[in-house]
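[1] sequence and predicted structure are below.
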Amino acid sequence: MLTQDDLKRNVAHAAVEYALSCLQPDSVLGVGTGSTVDFFIDAIAGHRERFRAAVSSSERSTERMRKLGIPVLDLNDVDDMPLYVDGADEIDHGMNMIKGGGGALTREKIVSSVARQFVCIVDETKVVDVLGRFPLPVEVIPMARNVVARKLRELGGEPRLREGFITDNGCEILDVSGLSITAPADMEAHINDIPGVVCCGLFALAGADLALVSTQQGVRRMVKGSATGEI
Ligand code: 5RP
């Protein structure tokens, strides 16, 4: 029986193989944040010469990559990125995701918006029929915490401040439980529109293009539009 760490390591290694098939020596790779991505960073560092540099979605990933000798560029200096690789807290069969368990959602959304392809790397426990079992992270400007929380309650959620946590952008996170997200893109647009919201952890307006899903039997691919979600 593989542990969750084994599953994460396996999917990270599959993502490295996939990334290497897309990258050229002058390519810039987008890199997400989290424990699954940590395994990805460790593994791709061994192939440093196969791409030019990375753009990072967090201070945490930047530090890890620099320690391993991967140059990290400022996003402002990059205008093309073939691939962005990141984990997720939940993904549904429409390739919509909840992200932000690690608190890096805003930079993740920004960096991934530049990439031509978003590759999501998860273990099978994170594939769900309907998003919302995992509390939805919403990054907020601190002075707007309470007003945003009231609006989120009107949507049927129960927001809770992530105590003692400040994002890389100097903001706070409300984790919203109790939502059953049957129309993820509509909900993302709605939450984005609340004044004081920096970023909503729903990635549905632009979801994943490919998911690599680690299971006890191996790593499966999931793409949008396939009837079962698997190919
Ligand atoms: C960080 C994220 C992560 O991708 C998500 O929380 C999954 O993390 P892990 O790989 O540690 O389970 O969105 O903001």
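    All right, it came through fine. Numbering: from 1, shown residues only.
[2] average pLDDT across stretch 29-43?
    Averaged over stretch 29-43, pLDDT sits at 98.
[3] can you list the buried residues in it?
    29-34, 36-43 (16 or more other Cβ atoms under 10 Å). Placement of C-beta: from N, CA and C, glycine included.
[4] that one near the ligand anywhere?
    Yes - residues of stretch 29-43 contacting the ligand under Cβ under 6 Å from any ligand atom: 32-36.
[5] among the residues you listed, which lie within helices?
    35-36 (DSSP state H).
[6] and the residues of stretch 29-43 next to the ligand, which two are furthest apart?
    Gly32 and Ser35 (11.0 Å; Cβ to Cβ).
[7] residues in contact with both of the two, list them for me.
    Gly87 (Cβ atoms under 8 Å, 6 or more residues apart in numbering).
[8] do you know how far Ala45 is from Glu124?
    Taking Cβ to Cβ, to the nearest Å as the measure, Ala45 falls 26 Å from Glu124.
[9] mind listing the helices for the chain?
    4-22, 35-44, 59-67, 105-114, 145-154, 184-192.
[10] report the distance from the first one to the chain centre.
    Helix 4-22 sits 15 Å away from the centroid of its parent chain (Cα atoms, centre = their mean, to the nearest Å).
[11] tilt between it and helix 35-44?
    50 degrees (axes from the mean of the first three to the mean of the last three Cα atoms, to 10 degrees).
[12] show me the shaky parts of the chain.
    For the chain, residues meeting the criterion pLDDT under 70 lie at 225-231.
[13] who in it is up against the ligand?
    32-36, 86-89, 99-105, 108.
[14] quick check on the residues you listed: which are buried?
    32-34, 36, 86-89, 99-105, 108.
[15] picking that back up, out of the residues of the chain next to the ligand, which are inside strands?
    Asp86 (DSSP state E).
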